[in-house]
Structures are given as structure tokens and as C-alpha cells.
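Q: sequence first, predicted coordinates after that:
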Amino acid sequence: MSEPKNHTTTIAPTVLLTIARLSALSVEGVLSLAPVQGGVNRLFKRGVTDGVQIELREDSIWANVFLIVRGGKNIREIGRNVQREVHRAMQDIAGLKVENVNIYIEDVEYPTPA
């Protein structure tokens, strides 16, 4: 069977943001996403509460993910796990080259005593 010709697949920018957000939130120790620092997402013009910035640079993705994590957990390990998961999801699900995933731990929340 031959490959189809002149067919394209376009991924909406919001799909990439959703993939990154859901991937980050799936990692143990991540409580939520923090507001994006420094204004709106430059490429996709999204609001400041999304917790993710994504830029396309020469056919590759650069992502910044802003997190609020659970206190009492290893923050570096959480950050590495989020990097791996976001990278894997963007590459496997969207089929795009991921150049860089930066993690910003914006806050740590500890459970309040009952």
C-alpha cells in the first residue's frame, strides 16, 4: 500500500498545551500548575493561568512548565519526572521533536494539620 500524497495533519496549539498540562499533572507530587510568569504565552497567546508556555523553534518544541508541588517530597525528583513525562507525551502523542522542557517550581504546599 502506498503512502497518501498531499495530505496534511495539523495539530491545534491548544492540543499541545493540553498534552503538556495533563502530562505534568499526572506526575506524583504535582498538586497543580502555577500561573505562567512574565505575561501571556508568546506563541499561542494563552492566558496567564495555564501553567505552560510552548514555543516552536525551527520545527521543535520548547516548553516551560510552572508547578506547585506537594511538600515533603523530593522536589528535584518531581521536576525530573515532569520533564520526562512531558517530553515523552509531546513526542509520542503529537509526534513532534521536543528540544527542551524547563520546569519551574513556583510553590510548595504542605497539608494543614487537622
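A: Perfect, thanks for sending it. Quick caveat, the model's predicted, so the values are computed rather than measured.

Q: quick one: classify Ala20 as helix, strand or coil.
A: Following DSSP: H, G, I helix; E, B strand; the rest coil, Ala20 is assigned to helix.

Q: how about the nearest residue to it, chain neighbours excluded?
A: Closest residue to Ala20 apart from its sequence neighbours, by C-beta to C-beta, 6 or more residues apart in numbering: Val52 at 4.6 Å. From N, CA and C alone the C-beta is placed, and that goes for glycine too.

Q: the one you found pairs with what?
A: Counting by DSSP bridges, Val52 forms beta bridges with Val65.

Q: with Ser32 instead?
A: Here Ser32, judged by DSSP bridges, has bridge partners Ile68.

Q: for it, report the pLDDT, please.
A: Per-residue confidence (pLDDT) for Ser32: 95.

Q: next one: it from Asp59, what distance?
A: Distance check for Ser32 against Asp59: by C-beta to C-beta, to the nearest Å, it reads 31 Å.

Q: give me the more crowded residue out of the two.
A: Taking neighbours as other C-beta atoms under 10 Å, Ser32 and Asp59 compare with Ser32 leading, 14 against 8.

Q: quick one: the more buried one and Ile11, what's the gap?
A: Distance from Ser32 to Ile11, by C-beta to C-beta: 25 Å.
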